[in-house]
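1. sequence plus the predicted model coming up.
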Amino acid sequence: MSFSAEHLLSIEDLSPDDITLILDTAEEMDAVSQRPVKKVPALRGRTIMNLFFEASTRTRASFELAGKRLSADMVNFSTSTSSVKKGETLLDTARTLEAMQPDMVVVRHQSAGAASYLAERMHCRVVNAGDGAHQHPTQALLDAFTMRRHFGRLEGLKVLIGGDFTHSRVVRSNVQLLTKMGAKVTACAPPSMMPPDAERFGIDITSDFDAALPGSDVVMMLRCQFERHGVSMFPSAREYFKHFGLTMERLALAKSNAIVMHPGPMNRGVEIASEVADHERSVILDQVQHGVAVRMAVLFLVFGGGDRRVEAEA
Amino acid sequence: MSKILLKGGLVVDPASDREGKADVLIRSGRIAKIGRAIKETGVRTLDCKGKVVCPGFIDMHVRLGEPGREELDTITSGGRAAVAGGFTALAVLPGTDPVNDDAETTMALRRRAEAEAACRIHPIAALTRGREGKQLTEMGHLREAGAVAVSDADRPVTDAGILRQALDHAGMFALPVIDFPEDPSLTAGGQVHEGWVSTRLGMPGLPAVAEEHVVARDVMLSALTGSHLHLALVSTATSVDLVRQGKRGGEVVSCAVSPHHLLLEDEACATFDTNCKVRPPLRSAQDRKALLRGVKDGTVDCITSAHRPRHVDEKDVPFPEAEFGIAGLESTVPLVLDLLCSRSVIDLPRLVSLMSWNPARILGLRGGTLAVGAPADVTILDLEATTTVDPDSWLSLSRNTPLAGRELKGAVAATVVDGRVVWTRESGLARGA
């Protein structure tokens, strides 16, 4: 089986088979990362540009490591050191970079649709590393990888996602991926952080965290930010934590073997208690580790590597 | 002045209760005679056989870039685009730089229009100084200078007290107040209609209620003051219901819709096509159907292009960074013909009411009819021809439309302004127009 897409822009574009292929490939990639010499020549001679218009440490580093472990040449381009600060439009930036003939750009941008905007206008491959509150496909893939590793399956898993749904690209990619793979998803947020018609993603929605927890295999917390467009969506962090924070008491309501996930960066004491974040059932650092493997798989497959084994060219 | 004979067309003029085959003789810029087989020497004859002859269409909601943003559309380009699109008169909003908020600016605009424009251009002046929503403009002076209405254009009047004062004051001069119903406190950062599409795309929504509760307020203030309030655009089912109720209560309220809201739904934004980014936003299927019902039952008074030209640099950016607006002067009439006439949603007299007679009455203009003695502004339609929307051939300077390439059943055959044939489908713009 091969992966046909030219870009990775949205989970919406992926079939369940595509997702399974990416996750299976990521298992092989993770094995590469466990070796003393963490490098295979799969993408030797390919140039990948990390194009980050928003501050990001972990995602950028994760993509950079992923590319390097596949022997691609990685170039980092971020707004703090670029002409974007001088008012350059995204189109001009894209054209300028294109003139340097990269084979792929990995883009993080504050505007929803920015990745598909670039894909329509550039000749190279585009991987979306987060566009506004729209999509963050590699995050959802690494989350799925983490769940599948832990439980051996995605189908039938009960996943509870808690936190600001409205402004989260992570949640959109996650609910689309998980529902495609047959997991049962419930999203919990205060009504001011739950967008209209969210149940049309094929999920249950609630604002009663305590009632939603029983039976959950996975409890995934989202980062919370109270101020948007000058409007405060919640009275205080304290009030939020009281009703929507994941505490040890709340975690006890989920299944006894439930795992705790968070895409990071965490606000300890806001959406998650420190004891939970550092608890043995927390797989937050596993997520980070798996992020590299999943991104290696994505880079490899988007370059058309689906038919070959990772090591074939080694 | 030359004489023109419009020969053998189907004349539709609801104001004089006429719908039938007739010839129309135009002399000295006026409708001189209507009748069967008019014989007249020394005339230019326009064969209108198989065509529909209507009083000139009036677009009462147009933004031009002059003054301040001449690259978008000038009075000249806007006037040309208008006649190519079948409009003989435009009312232009004061969202310019500088803002048209005093008599001198209004007069200057009229003088420019009289000298340059292919169609009639009527200024709508600002409702408050600088469109800042604080101090009323001098509406008596503005009326005298030729303003046909007052409006702060797309800056909604959020202060109900100011709007009440404006209605009281404008009513004294029979100037309609045009409001854009939107409560900005509910639309901060909004990109598309709030609903499943905004949720899926992860963009802040423009909720229907932000429009609807302002429509309710506006209808009530119109009742309180007895002054005419016109809602520039309504886009939701509840807005239409509120206007319908208001009209039943005898309030002096009127409203318009754009053809884009009759054709497209918020789902059109799902591909991040910035040409679908418009304010009010494209709404739900249910809203669109309610607008069509409102058009059909007379709740909606007119259809306007809501022409909002935008430069390509304002549209060729990621969706959240794009400006709002659709340029529609040259596609609106064919789209209305396709959507409403070719599918028999409305009959021809209703079409003429929506496009000509109603806007004329709302703005207090002399046009809107082909009665003998009326200004010779005529829009001639070909209901059988097909219009392919081709923005590259537009006379407007802007190209921002989601309709490019669309084939529409119905076309403008010719446009007559002030007794002059200024545009025909065969030869385009007349010399000097």
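-> Now that the structure is in, tell me what you want to look at.
2. for B:T401, see how far away the closest residue to chain A within the stretch 1-150 of chain B is.
-> Going by C-beta to the nearest C-beta, chain A is nearest to B:E71 of the stretch 1-150 of chain B, at 16.6 Å. For glycine as for every other residue, the C-beta is placed from the backbone atoms N, C-alpha and C. To B:T401, B:E71 is 17 Å away according to C-beta to C-beta, to the nearest Å.
3. more crowded one of the two?
-> B:T401 (23 against 13; other C-beta atoms under 10 Å in any protein chain shown).
4. surely the more buried one and B:G328 touch.
-> Yes: B:T401 is within contact range of B:G328, at 6.9 Å (criterion: C-beta atoms under 8 Å).
5. isn't B:E267 up against B:V197?
-> Yes: using C-beta under 8 Å, B:E267 and B:V197 qualify as a contacting pair, with a distance of 5.9 Å.
6. what about residue 166, neighbour count?
-> No chain was given, so I picked chain A. Here the neighbour count serves as a burial measure; for A:T166 (other C-beta under 10 Å) it reads 22.
7. try chain B instead
-> Number of residues near B:A166 (other C-beta under 10 Å) recorded here: 27.
8. I'd like the distance between it and A:N174.
-> Separation of B:A166 from A:N174 (C-beta to C-beta): 50 Å.
9. hmm, the residue of the stretch 1-150 of chain B closest to chain A is touching B:H311, no?
-> Yes: the criterion here is C-beta under 8 Å, and B:E71 meets it with B:H311 at 6.0 Å.
10. what helix or strand does B:D168 sit in?
-> The secondary structure element spanning B:D168 is helix B:160-172 (assigned by DSSP states H and E).
11. which strands or helices does that helix pack on?
-> On a contact count with 3 or more C-beta pairs under 8 Å, 6 or more residues apart in numbering or on different chains; DSSP states H and E, helix B:160-172 meets helix B:139-145, strand B:177-179, helix B:208-225.
12. show me what counts as buried in the first one.
-> Along helix B:139-145, the positions that meet the burial threshold by neighbour count (16 or more other C-beta atoms under 10 Å in any protein chain shown) are B:139, B:141-143, B:145.
13. same question, the longest one
-> Under the neighbour-count criterion of 16+ other C-beta under 10 Å, helix B:208-225 has B:208, B:210-223, B:225 buried.
14. one more: stretch A:155-168?
-> In stretch A:155-168, counting by 16+ other C-beta under 10 Å, buried: A:157-168.
15. stretch B:165-183 too?
-> Judged by neighbour count (16+ other C-beta under 10 Å), stretch B:165-183 contains these buried residues: B:165-171, B:175-183.
16. try stretch A:165-184
-> Neighbour-count burial for stretch A:165-184, counted by 16+ other C-beta under 10 Å, picks out A:165-181, A:183-184.
17. are that stretch and chain B in contact anywhere?
-> Yes: using C-beta under 8 Å from any C-beta of the partner chain, stretch A:165-184 reaches chain B at A:167-169, A:172.
18. stretch A:259-266 now?
-> No: for stretch A:259-266 and chain B, the contact criterion (C-beta under 8 Å from any C-beta) is not met; the two come no nearer than 14.9 Å.
19. how far does that stretch sit from the chain's center?
-> When distances are taken as C-alpha atoms, centre = their mean, to the nearest Å, stretch A:259-266 is centred 11 Å away from the chain's centroid.
20. tell me where the stretch 251-400 of chain B has helices.
-> B:259-263, B:285-297, B:312-315, B:332-336, B:348-352, B:358-363 (DSSP state H, counting those that start in this stretch).
21. cool, and the stretch 1-150 of chain A?
-> A:16-33, A:58-69, A:90-98, A:114-121, A:137-151.
22. which one of those helices has the most crowded surroundings?
-> The highest mean neighbour count among the helices of the stretch 1-150 of chain A belongs to helix A:137-151 (a mean of 25), with neighbours defined as mean count of other C-beta atoms under 10 Å in any protein chain shown.
23. helices and strands around that one, which ones?
-> With contacts defined as 3+ C-beta pairs under 8 Å, 6+ apart, helix A:137-151 has these neighbours: helix A:16-33, helix A:58-69, strand A:125-131, helix A:169-180, strand A:259-261, helix A:284-302.
24. just send those back as a markdown table, with mean pLDDT and distance to B:G130 too.
-> Compiled in a markdown table, the helices and strands packed on helix A:137-151 are given as follows (pLDDT from 0 to 100; distance: least, C-beta to C-beta, whole Å):
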| stretch | mean pLDDT | distance to B:G130 |
| --- | --- | --- |
| helix A:16-33 | 96 | 55 |
| helix A:58-69 | 96 | 45 |
| strand A:125-131 | 97 | 37 |
| helix A:169-180 | 98 | 39 |
| strand A:259-261 | 98 | 53 |
| helix A:284-302 | 97 | 52 |
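25. wait, which of the ones you listed is closest to B:D382?
-> With distances scored as C-beta to C-beta, the stretch of these nearest to B:D382 is strand A:125-131 (45.5 Å).
26. where does A:G87 land on pLDDT?
-> Here the pLDDT value assigned to A:G87 is 77.
27. backbone phi and psi for B:T76, please?
-> Per-residue torsions, B:T76: phi -70, psi -50 (degrees, to the nearest 10).
28. let me fix that: B:H311
-> Main-chain torsions, B:H311, degrees, to the nearest 10: phi -80, psi 150.
29. what's the local residue count around it?
-> When neighbours are defined as other C-beta under 10 Å, B:H311 has 16 of them.
30. who's in contact with it?
-> If you count contacts by C-beta atoms under 8 Å, 6 or more residues apart in numbering or on different chains, B:H311 has them with B:71-72, B:398.
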